[in-house]
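Participant: Could you work out the structure for the sequence below:
(one chain, ligands or ions: 1)
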Amino acid sequence: MKLLYTPIKGYVHTVEALINYAGLHDQIEPVATKPFDVDTPLANVNPLGKVPTLLLDSGEYLAGGPVIYEYLDSLHRRRKLYPSKGPQRWTTLRQAWMADGLFDTFVLLIIESWLPQDQQRAAYIDRCWRKIIAILDQMEKDAPSYGKLDIGQMRGVGAVQFLRLKMAQVAAAVPSLDAKFDPLIDRPALTAWYKPMSRKKLFREPLIRLE
Ligand SMILES: N[C@@H](CCC(=O)N[C@@H](CS)C(=O)NCC(=O)O)C(=O)O
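Facilitator: Next comes the predicted model:
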């Protein structure tokens, strides 16, 4: 299989964490791509032109992240990250979806930050930011009841890690944002969960190491 993705220095994407968890390195060839390049070859595979995209040996492709995670989770014999049934399944799926929303909304802000400041839309930035805060506040409420690692938490680590990594860079281009914002400040439950979880080996081993 070939995994088309964007390696980012200092960041381990959920798809990489899942490959680490599932021990699938031998079966996956990582292919670094730049999805925002106009002529990205990614568009020839996935009409949406987004990463992650997984090219199967059959020639079929899978996208986006949630589809790929569930597929990879079906390929290993360890405890599954997607609970198969019961209320926990739906709670986990909701938490994974919210973490995806955190990541995706922050990506929208990154894209907005590429515009010259006089073209940035203040109301849109404010709307995105309120969603980011609301999701973090929900994670603060959810964190005390997190159990064993599941896809919701795995996605949560990825989203919080990405936000912390990129915040200063985005705020440098968007003056209304606070470069010192840290999602862990004043969120003790989120912090108590995130710190030990994000230190686990599977969140520290990227497939391609950028120098
Ligand atoms: N939550 C989605 C996010 C996918 C996504 O937005 N990927 C970005 C990477 S930052 C992308 O490829 N963007 C390219 C584009 O919007 O054209 C997923 O997991 O599939």
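Participant: who's in contact with Val157?
Facilitator: For Val157, the contact set (Cβ atoms under 8 Å, 6 or more residues apart in numbering) comprises 14, 17, 194, 197-198, 203. The C-beta positions use only the backbone N, C-alpha and C, and glycine is treated the same way.
Participant: Recalculate using a threshold of 7 Å.
Facilitator: 194, 197-198, 203 (Cβ atoms under 7 Å, 6 or more residues apart in numbering).
Participant: next one: stretch 99-118 to chain centre, how far?
Facilitator: 13 Å (Cα atoms, centre = their mean, to the nearest Å).
Participant: Next: stretch 135-144.
Facilitator: Chain-centre distance of stretch 135-144: 17 Å, with Cα atoms, centre = their mean.
Participant: Format the CA atom coordinates belonging to it as CSV.
Facilitator: What follows is stretch 135-144 as a C-alpha-only set of coordinates in CSV (Å, rounded to 0.1, in the frame of the first residue of the first chain):
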residue,chain,number,x,y,z
ILE,A,135,-14.4,21.8,21.0
LEU,A,136,-11.5,22.2,23.5
ASP,A,137,-14.1,23.0,26.3
GLN,A,138,-16.0,19.8,25.3
MET,A,139,-12.7,17.8,25.4
GLU,A,140,-12.1,19.2,28.9
LYS,A,141,-15.5,17.8,30.0
ASP,A,142,-14.9,14.5,28.3
ALA,A,143,-11.3,13.8,29.4
PRO,A,144,-12.1,12.5,32.9
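Participant: Render the CA-only coordinates of stretch 39-49 in PDB, please.
Facilitator: Extracted in PDB, the C-alpha atoms of stretch 39-49 (Å, rounded to 0.1, in the frame of the first residue of the first chain):
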ATOM      1  CA  ASP A  39      -0.300  20.500 -10.000                       C
ATOM      2  CA  THR A  40      -0.300  18.000  -7.100                       C
ATOM      3  CA  PRO A  41      -0.300  14.400  -8.400                       C
ATOM      4  CA  LEU A  42      -2.600  13.700  -5.500                       C
ATOM      5  CA  ALA A  43      -5.500  15.000  -7.600                       C
ATOM      6  CA  ASN A  44      -5.000  12.200 -10.100                       C
ATOM      7  CA  VAL A  45      -5.700   9.700  -7.300                       C
ATOM      8  CA  ASN A  46      -8.200  11.400  -5.100                       C
ATOM      9  CA  PRO A  47     -10.600  13.900  -6.800                       C
ATOM     10  CA  LEU A  48     -10.800  15.800  -3.500                       C
ATOM     11  CA  GLY A  49      -7.100  16.300  -3.600                       C
END
